[in-house]
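**Q** my questions concern the predicted model and sequence given below.
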Amino acid sequence: MTRLMGNLAEGDLKVEITGTERGDEIGQMSAAMQVLKDNSIEAEKLRGEAEKASEAQHQRDEEDRKREAEAAEAERQRQEEERQRKEEEAEAKRQGEEENRSKLMLMANDFEASVGNIVKTVSASVQQMQSSSQSMATLAEQTSGQTQARSYGGAAGFDQRTDRGHSNGRDDQFNQRDHLSD
């Protein structure tokens, strides 16, 4: 019995307790040892379950940490992708604005060149019209001067020629016209 108690105290729960059926002190001691053995087995079982539960909890905690880390990494990647997308959109927008600016500048330059050509053409036409107008004015003045000279000169010539008795065919025509109009 002493040996059985020593084995039980060392944690050997496989020992077989005998004498529990006895009605004396040894039976009572054997029954107490059996209760101790049964309680130790139960405690060992509970310790095992607690270790399993602790291990399962540790595993769940580890899985939770892993999921949280994966979620954090996924969020970081999402934010990085969002940042890159925004940068790409901003770059595309900047390029689009630059292209629009270039197109507008090209259109403005083309318009300016067209307007410049129109202004040159109109200016050249105006100068040509002024030149023609001046030529026409000069021609009109000359014609008017010649007409007046012929009017005044013809009448004076007629008087002078008549006095002298000279006449040529052309002067006769003027003389006849002037004479008829009187």
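**A** Everything's here; your move. Numbers count the residues shown, from 1 in each chain.
**Q** CA only for contacts and neighbour counts going forward, please
**A** OK.
**Q** remind me, longest helix of this structure?
**A** Longest among the helix segments of the chain by residue count, using DSSP state H, is helix 25-164.
**Q** what separates that one from the chain centre, distance-wise?
**A** With Cα atoms, centre = their mean, to the nearest Å as the basis, helix 25-164 stands 3 Å off its chain's centre.
**Q** which strands or helices does it pack on?
**A** Packing contacts for helix 25-164, counted by 3 or more Cα pairs under 8 Å, 6 or more residues apart in numbering; DSSP states H and E, involve helix 169-181.
**Q** send the alpha carbons of stretch 105-115 over as CSV?
**A** Presented in CSV, the C-alpha positions along stretch 105-115 are these (Å, rounded to 0.1, in the frame of the first residue of the first chain):
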residue,chain,number,x,y,z
MET,A,105,-3.2,77.0,-79.1
LEU,A,106,-3.0,75.4,-82.6
MET,A,107,-6.5,76.5,-83.3
ALA,A,108,-5.7,80.0,-82.1
ASN,A,109,-2.6,80.2,-84.2
ASP,A,110,-4.5,78.9,-87.2
PHE,A,111,-7.3,81.4,-86.6
GLU,A,112,-4.7,84.2,-86.1
ALA,A,113,-3.0,83.2,-89.3
SER,A,114,-6.3,83.1,-91.2
VAL,A,115,-7.3,86.5,-89.8
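**Q** give me the number of residues near residue 51?
**A** Residue 51 has 13 neighbouring residues, counting by other Cα atoms under 10 Å.
**Q** what about it, distance to residue 58?
**A** 10 Å (Cα to Cα, to the nearest Å).
**Q** the nearest residue to residue 13 once chain neighbours are set aside: how many residues sit nearby?
**A** Distance criterion Cα to Cα, 6 or more residues apart in numbering; nearest residue to residue 13, sequence neighbours excluded, is residue 37 at 6.3 Å. For residue 37, the neighbour count with other Cα under 10 Å is 22.
**Q** run through the protein and note the low-pLDDT ranges.
**A** 153-182 (pLDDT under 70).
**Q** can you rerun that using 90?
**A** Applying pLDDT under 90 to the chain flags the ranges 1-23, 25-37, 39-41, 43-44, 116, 123, 137, 139-182.
**Q** centroid residue for it?
**A** With distances taken as Cα atoms, centre = their mean, residue 93 lies nearest the centre of the chain, 1.6 Å away.
**Q** tell me how many other residues crowd residue 133.
**A** Residue 133 has 12 nearby residues by other Cα under 10 Å.
**Q** how about residue 100?
**A** 12.
**Q** ok, now the one 4 residues further on?
**A** Burial of residue 104, expressed as a neighbour count using other Cα under 10 Å, amounts to 12.
**Q** could you check how far it is from residue 97?
**A** Distance from residue 104 to residue 97, by Cα to Cα: 10 Å.
**Q** cool, and residue 145?
**A** 69 Å.
**Q** residue 130 now?
**A** Residue 130 is 48 Å from residue 97, by Cα to Cα.
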